[in-house]
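>>> Provided below are the primary sequence and the corresponding predicted coordinates.
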Amino acid sequence: MKLPAIFLLLFAALSAAGSLQIFGHEWTVPNPADWKVEQEGDTPVLRLLVGREPLPGARRPFQFALANTPDLTDVTLEADVRPTKRSLILVFAYRDPAHFDYAHLSSDTATKQPVHNGIFHVFGGERVRISPVNGPAAFDEISKWYHVRLEFHPASGLIQVQVDGKPIPALRAYDLSLGNGKVGIGSFNETADFKNVKLLGGLPVKFL
């Protein structure tokens, strides 16, 4: 029996998955050849070298490195990031490839491009914007390092992102549907560099 093309593509993507070690964690990546760990002086840098379009079906990103940790609550992700094109993403509350949230940080404003520069929710289908469109872009230029900080508090649902210490109105939202999960870094369909990545979070309390 001949499988439909979409299943062949999904199987190929899963078969190519691998892992890498950096920033004190092991990270799962869709295709190790798309990523490279290098040194800038004494600082390790993770480079996403290949931007890939989403897989067929619901339009949502998959080109990100996912930290192999237990599901975390009250997540804080800090990193120095460098968009080498227009944008990059920070993934959080990740449960599986069809259930997660992500912050899309872009040199576009959301009023110019509503699917950029915002918080997006994936719940079994297309990604959906859940943050406002007002305010400036996250990045004022490309190929420049920025310090970013993402916080997610599942109990209240609050999501907020700062860039170089400044809150970005378009990168603030609430989501109570996913809760605890894993964290990732990457891009929707472009390329970017990451260094000094710090991931903090607690383990959910389990009631007997």
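Alright, I've got the coordinates. Given the structure is predicted, the values throughout are model-derived calculations rather than measurements. Numbering: from 1, shown residues only.

>>> pLDDT wise, what is residue 80 at?
If you check residue 80, the pLDDT there is 98.

>>> which strand or helix spans it?
Element membership for residue 80 (DSSP states H and E) is strand 73-83.

>>> which neighbouring elements make contact with that strand?
Where contact means 3 or more Cβ pairs under 8 Å, 6 or more residues apart in numbering; DSSP states H and E, strand 73-83 is packed against strand 87-96, strand 99-106, strand 146-153, strand 182-186, strand 192-202. C-betas here are computed from N, CA, C, even on glycine.

>>> tell me the strands beside the fourth one, with direction?
Within its sheet, strand 182-186 is paired with strand 64-67 (antiparallel), strand 87-96 (antiparallel), according to DSSP bridges.

>>> how about those in JSON lines, adding mean neighbour count?
Output for the strands paired with strand 182-186, formatted as JSON lines (neighbours: other Cβ atoms under 10 Å):
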{"stretch": "strand 64-67", "mean neighbour count": "24"}
{"stretch": "strand 87-96", "mean neighbour count": "23"}
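
>>> need those in a markdown table with distance to residue 117, can you?
Below are the strands paired with strand 182-186 laid out as a markdown table (distance: least, Cβ to Cβ, whole Å):
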| stretch | distance to residue 117 |
| --- | --- |
| strand 64-67 | 17 |
| strand 87-96 | 8 |
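
>>> before we move on, the earlier item: so what strands line up beside the strand holding residue 80?
Applying DSSP bridges, one finds strand 73-83 paired with strand 146-153 (antiparallel), strand 192-202 (antiparallel).

>>> for residue 21, which of the ones you listed is the nearest?
strand 192-202 (12.3 Å; Cβ to Cβ).

>>> so how far is the closest one from its chain's centroid?
Relative to its parent chain, strand 192-202 has a centroid offset of 11 Å by Cα atoms, centre = their mean, to the nearest Å.

>>> any idea of the angle it forms with strand 99-106?
Calculated by axes from the mean of the first three to the mean of the last three Cα atoms, to 10 degrees, strand 192-202 forms an angle of 130 degrees with strand 99-106.

>>> now strand 192-202: buried residues?
By 16 or more other Cβ atoms under 10 Å, the buried positions in strand 192-202 come out as 192, 193, 194, 195, 197, 199, 201.

>>> determine which two of those residues are furthest apart.
Largest separation among the buried residues of strand 192-202 by Cβ to Cβ: 193 and 201, giving 23.3 Å.

>>> now the element after the lowest-mean-pLDDT helix or strand in the chain, going C-ward?
For the chain, using mean pLDDT, DSSP states H and E, the weakest element among its helices and strands is helix 5-16, scoring a mean of 46. Sequence order places strand 18-22 as the next helix or strand after helix 5-16, per DSSP H and E.

>>> what does that next one rub up against?
Identification of contacts with strand 18-22 by Cβ atoms under 8 Å, 6 or more residues apart in numbering yields 26-29, 31-32, 35, 37, 44, 46, 65, 68, 197.

>>> let's see 6 Å
Where contact means Cβ atoms under 6 Å, 6 or more residues apart in numbering, the residues beyond strand 18-22 that reach it are 26, 27, 28, 32, 37, 44, 46.
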